[in-house]
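Student: fold the stuff below for me.
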Amino acid sequence: MAPAAQRALAGLTQGIQPASGGQGRLYALQAAADAVNAYIRSTQVNFSIRFEVDERSGLMVALIRNVDTGEVLKQIPSETLLNSAARVRQASGIFADLAT
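Tutor: Predicted structure coming up:
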């Protein structure tokens, strides 16, 4: 990636915190993901990178796809990690409910 593109992406994502702090952070994270997606759409060549927020875990997910076929070439983090993070998030909510 060109240095200018790296600086642009760094500027878009600077200061983003994990979405664990409630809906406000989730919306801010999604807005940042949308901005990065728009930038990448304007510069893509033969693959696309789509950023999404996994609502179950609150984590940012990057999907790298082949533009011609639509095939997902890579997902970061993996589905296994997203499932684990979602279970941890759910369990922490259960423990918080028990403590109150």
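
Student: for Glu71, which non-adjacent residue is closest in space?
Tutor: Closest residue in space to Glu71, ignoring its immediate chain neighbours: Arg65 at 6.4 Å, by C-beta to C-beta, 6 or more residues apart in numbering. Any C-beta I mention is one placed from the backbone N, CA and C, and that applies to glycine too.

Student: neighbouring strands for the helix or strand harbouring the one you found, and are they parallel or not?
Tutor: Taking DSSP states H and E as the criterion, Arg65 maps to strand 60-66. Take DSSP bridges as the rule and strand 60-66 pairs in its sheet with strand 47-53 (antiparallel), strand 72-76 (antiparallel).

Student: neighbours of the residue nearest to Glu71, how many?
Tutor: With neighbours defined by other C-beta atoms under 10 Å, the count for Arg65 comes to 17.

Student: got the buried residues for the strand holding Arg65?
Tutor: By neighbour count, and taking 16 or more other C-beta atoms under 10 Å as the criterion, the buried residues in strand 60-66 are 60-61, 65.

Student: now stretch 65-77
Tutor: When burial is assessed from 16+ other C-beta under 10 Å, stretch 65-77 yields the following buried residues: 65, 75.

Student: quick check on Ala35: phi, psi?
Tutor: phi -70, psi -40 (degrees, to the nearest 10).

Student: tell me the pLDDT at it?
Tutor: In this prediction, Ala35 carries a pLDDT score of 80.

Student: follow-up on the earlier one: which one of the strands paired with strand 60-66 lies nearest to Gln23?
Tutor: Each of these was scored for nearness to Gln23 using C-beta to C-beta, and the closest is strand 47-53 (11.3 Å).
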